[in-house]
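1. mind folding the following:
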Amino acid sequence: MRIIAGELRGRRIEAPEGDATRPMLDRVREAVFSTLGPVVEDAVVLDLFAGSGALGLEAASRGARAVRSIERAAKALVALKSNVAELGLSDRVRVIRGDALSPKSWHDSDALDVRYSLVFMDPPYPMIEDPTERTDVLKAIRALFDSALTPDATLVLHVAARASETLRFGPALERDVRLYGSSAIVYVARQASGESRDATERDRV
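-> Prediction:
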């Protein structure tokens, strides 16, 4: 994998050893950032289930102000920390070993007022397919919007295409679903004032 664009364009990203982590395909990552456009510039980013850190590192390369990357798998953490160091991003990308779904991982005790403008969430596919774990993911997303995100924040959720239909975020949030083969990218944001629908759009690529 490589950084696609920005100040670090072309730099290599190491993936974790083994098959426990499923990196997002480069073409899907490129489509995500093309869709986000200027949202990334100067963003404060929360990268959940960070894996190799590809999404957060790409955001930093494209001008994000700060990135907080949450991961708990040992092999993924090794790759993530190595990538941050090799790319010289230690001043903007902070790596935290913790539970991506726990609010305790989202903030430091001395910085509880931090609000994120962009969130990447890339949980293991089986987590969304399991009803109990899917409920935990959806609860975490609602908690993020309730207490940790700016008013105009965007959350980018990567799931299997077959699972995208099962996701409902509640009346206060809207979604935009883009399909890329077997993958789905779900963009979640607060609804505009006066709207009350769970909007869905699908683009097959």
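2. how many other residues sit next to residue 39?
-> 18 (other CB atoms under 10 Å). The C-beta positions use only the backbone N, C-alpha and C, and glycine is treated the same way.
3. list the contacts for it?
-> If you count contacts by CB atoms under 8 Å, 6 or more residues apart in numbering, residue 39 has them with 117, 118, 154.
4. the residues you listed in strands, which ones?
-> Residues of these located in strands (DSSP state E): 117, 118, 154.
5. what's next to the longest helix seen in the chain, contact-wise?
-> Looking across the chain with DSSP state H, the single longest helix is helix 131-147. Contact with helix 131-147 is made by 46, 100-103, 106, 116, 119, 121, 123, 126-128, 153, 155, 157, 163, 166-170, 172-173, 188, 190, as judged by CB under 8 Å, 6+ apart.
6. quick revisit: can I get the ones in strands among the contacts of residue 39 in a markdown table with neighbour count, pLDDT and distance to residue 148?
-> Below are these laid out as a markdown table (neighbours: other CB atoms under 10 Å; pLDDT from 0 to 100; distance: CB to CB, whole Å):
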| residue | neighbour count | pLDDT | distance to residue 148 |
| --- | --- | --- | --- |
| 117 | 19 | 98 | 11 |
| 118 | 23 | 98 | 12 |
| 154 | 21 | 97 | 13 |
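7. can I get the residues you listed in a markdown table with distance to residue 64?
-> What follows is the ones in strands among the contacts of residue 39, written out as a markdown table (distance: CB to CB, whole Å):
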| residue | distance to residue 64 |
| --- | --- |
| 117 | 9 |
| 118 | 7 |
| 154 | 13 |
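8. between those, which sits nearest residue 69?
-> Nearest to residue 69 among the ones in strands among the contacts of residue 39: residue 118, at 12.7 Å, using CB to CB.
9. the closest one contacts residue 64, correct?
-> Yes: counting by CB atoms under 8 Å, residue 118 does reach residue 64; the two are 7.3 Å apart.
10. ok, which stretches of the protein are helices?
-> Here the chain has its helices, by DSSP H, at 26-36, 54-61, 74-86, 103-106, 125-129, 131-147.
11. can you tell me which of the ones you listed is packed in deepest?
-> helix 54-61 (a mean of 28; mean count of other CB atoms under 10 Å).
12. give me the residues contacting it.
-> Applying CB under 8 Å, 6+ apart, the contact partners of helix 54-61 are 1, 3-9, 11, 13, 23-24, 29, 32-33, 40, 43, 45, 47, 50, 64, 67, 69, 83-84, 87, 89, 92-93, 118, 120, 122, 156.
13. export the helices of the chain to a markdown table and tack on distance to residue 182 and mean pLDDT?
-> Formatted as a markdown table, these follow (distance: least, CB to CB, whole Å; pLDDT from 0 to 100):
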| stretch | distance to residue 182 | mean pLDDT |
| --- | --- | --- |
| helix 26-36 | 10 | 94 |
| helix 54-61 | 18 | 98 |
| helix 74-86 | 21 | 96 |
| helix 103-106 | 28 | 95 |
| helix 125-129 | 9 | 90 |
| helix 131-147 | 18 | 95 |
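14. nearest to residue 178, of these?
-> Across the helices of the chain, closest to residue 178 is helix 26-36 (CB to CB), at 7.1 Å.
15. thanks again, I'm all set now.
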